[in-house]
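Peer 1: can you look at this prediction? I've put the sequence above it.
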Amino acid sequence: MSGKYNPYENMLEVMEKAATMLKLEKRDYEALKYPERELKVSIPVEMDDGTVKVFEGYRVQHSSSRGPCKGGIRYHQDVDMDEVKALAAWMSLKCAVANIPYGGAKGGVKVDPSQLSEAELRRLTRRYTAAILPIIGPEKDIPAPDVNTNGQIMGWIMDTYSMMHGYTVPGVVTGKPFDIGGSLGRPEATGRGVMFVTRELLSRMGIDPKTVRVAVQGMGNVGSTAALLLSRLGLKIIAVSDVSGGFYKAEGLNFEEIYQYVKTRRLLKDYEVEGAKRITNDELLTCDCDVLIPAALENQLSAKNADKVKAKIIVEGANGPTTAEADEIFEKKGITLVPDILANSGGVIVSYFEWVQNIQSLMWDEAEVNSKLERIITKAFSEVWDESKNHNTTLRMGANMVALRRIVKAKKIRGIFP
């Protein structure tokens with residue numbers, strides 16, 4: 001690849017390599033190179049001052065071979081169709097790795113939500129929902145939160161969809177507040193899944209968790225939850241960062257205190273840590289640590305900085321944080337990397353639980369949700385570990401091979417219509 005980083009090309013490159021290792025014929029996976037549906041919409045919004053602004057939105061459905069499409073919606077000023085296409089494809093693979101009955105989708109709106117009032121954000125969300133409404137639904141495509149979206153935004157989407165249908169449809173989205181059909185354990189699910197796979201990896205590698213130093217890029221829901229739960233397992237959190245920068249402290253940070261601070265959505269630049277060195281996000285990625293968890297945006301680890309990474313283990317909390325070039329460098333350096341489609345699948349697994357609870361009109365307690373999550377994600381980790389060992393390859397290739405085999409098998413059974 002050359003020029004501007006294209007996450008969709010990155011996804012295709014990895015898929016092609018996995019298909020070759022599985023000895024698949026082109027006809028077996030050719031359709032998976034192309035999303036089933038790409039929708040681009042314009043979203044006119046009346047602003048608080050009476051002016052009208054038009055935003056651009058997307059919804060991409062990559063594959064429905066294994067079930068309804070599933071994937072988040074992100075609000076970000078840099079989102080584009082290639083990014084959404086890549087994220088939708090990764091969702092297909094992620095659901096297949098976890099072996100839950102979903103295909104992959106993703107949505108996005110090109111907007112900086114921090115520049116909108118709550119009323120403007122609500123109007124944007126409702127109009128975007130109306131624009132994509134023909135292709136979403138509990139049996140077709142179920143959105144969820146992603147970057148810069150949350151339970152409140154899912155609530156507005158659910159309400160808009162329900163008003164259009166004349167009755168309440170909680171199963172149209174997941175990641176909703178508990179009071180309108182959300183699942184207990186969902187907000188922490190992705191970070192909890194990161195903790196589970198990190199724990200499993202350390203166990204397989206024979207490493208005592210109490211000797212491990214961890215750096216986490218991104219203090220959103222995923223990064224902060226993963227860091228908190230790993231610290232409670234005995235791992236030492238030595239570096240954290242968010243969009244405003246971060247801290248490094250070799251002796252370890254008091255992450256319980258930091259967590260209480262960041263969960264109010266305040267930035268680390270306004271926080272003081274005694275004895276800690278202030279660092280940038282780039283410095284965090286190359287700091288002296290044992291486990292690195294990139295839990296922010298994609299394309300963070302690339303050919304530009306991969307050689308400088310000192311971590312022995314990388315666990316991808318974010319979607320697509322590592323480019324194909326960086327992957328090759330890490331493999332040569334002997335760095336073990338747990339890929340996003342396995343490491344951060346806890347969110348979609350518990351989203352699946354939420355959807356099941358909605359369509360069956362029942363409710364599970366949090367202990368049951370967490371127990372089911374642990375069982376499914378540790379089984380997925382074991383299958384990926386075995387696949388990678390059997391083919392003497394990386395965990396990323398192992399995960400892609402497990403996923404691709406399942407999607408191709410479903411597509412073969414169903415055949416090509418007509």
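Peer 2: Okay, I see it. Note that the structure is predicted; figures quoted are calculated from it, not measured. Numbering: from 1, shown residues only.
Peer 1: could you use CA atoms for every contact and neighbour count after this?
Peer 2: Will do.
Peer 1: determine the number of other residues adjacent to the closest residue to Thr336 other than its chain neighbours.
Peer 2: On the basis of C-alpha to C-alpha, 6 or more residues apart in numbering, the spatially nearest residue to Thr336 that is not a chain neighbour turns out to be Ile313, at 4.8 Å. Ile313: 22 surrounding residues under other C-alpha atoms under 10 Å.
Peer 1: how about low-confidence regions in the protein?
Peer 2: Within the chain, the segments meeting pLDDT under 70 span 1-3.
Peer 1: go through it and flag its longest strand.
Peer 2: Ranked by residue count under DSSP state E, the longest strand found in the chain is strand 52-63.
Peer 1: and it, how far from the chain's centre?
Peer 2: Relative to the mean C-alpha coordinate of its chain, strand 52-63 is positioned 19 Å out (C-alpha atoms, centre = their mean, to the nearest Å).
Peer 1: which SS class is Ala239?
Peer 2: Counting by DSSP: H, G, I helix; E, B strand; the rest coil, the backbone at Ala239 sits in strand.
Peer 1: I'd like to know how many residues surround it.
Peer 2: A count of neighbours around Ala239, defined by other C-alpha under 10 Å, yields 30.
Peer 1: just checking, it touches Glu251?
Peer 2: No: Ala239 sits out of contact with Glu251 when judged by C-alpha atoms under 8 Å, with a separation of 10.1 Å.
Peer 1: how does this structure divide up, domain by domain?
Peer 2: The chain breaks down into these structural domains: 8-16+23-170, 189-343 (assignment by automatic domain parsing).
Peer 1: now the ones you listed in a markdown table, with distance to Leu395?
Peer 2: Converted to a markdown table, the domains of the chain look like this (distance: least, C-alpha to C-alpha, whole Å):
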| stretch | distance to Leu395 |
| --- | --- |
| domain 8-16+23-170 | 12 |
| domain 189-343 | 6 |
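Peer 1: which one, of those, ends up nearest to Ala410?
Peer 2: Nearest of those to Ala410, taken as C-alpha to C-alpha: domain 8-16+23-170 at 6.0 Å.
Peer 1: over to the nearest residue to Lys33 once chain neighbours are set aside: give its phi and psi.
Peer 2: The shortest distance from Lys33 to any non-neighbouring residue, by C-alpha to C-alpha, 6+ apart, is to Leu12 (6.7 Å). Here is the backbone geometry of Leu12 (degrees, to the nearest 10): phi -60, psi -40.
Peer 1: how close does Leu12 get to Ala324?
Peer 2: In this structure, Leu12 and Ala324 are 10 Å apart, going by C-alpha to C-alpha, to the nearest Å.
Peer 1: the helices in the stretch 151-300 of the chain, which residues?
Peer 2: Residue ranges of the helices in the stretch 151-300 of the chain, as given by DSSP state H, counting those that start in this stretch, are 151-165, 189-205, 221-232, 255-262, 281-285.
Peer 1: and the longest one with helix 221-232, angle?
Peer 2: Right, helix 189-205. 40 degrees (axes from the mean of the first three to the mean of the last three C-alpha atoms, to 10 degrees).
Peer 1: what comes into contact with helix 189-205?
Peer 2: Contacts made with helix 189-205 from outside it, assessed by C-alpha atoms under 8 Å, 6 or more residues apart in numbering, are listed as 208-209, 221-227, 229-230, 315, 317, 343-348, 350, 370, 373-374, 377-378, 381.
Peer 1: since that was my last question, I'll sign off now.
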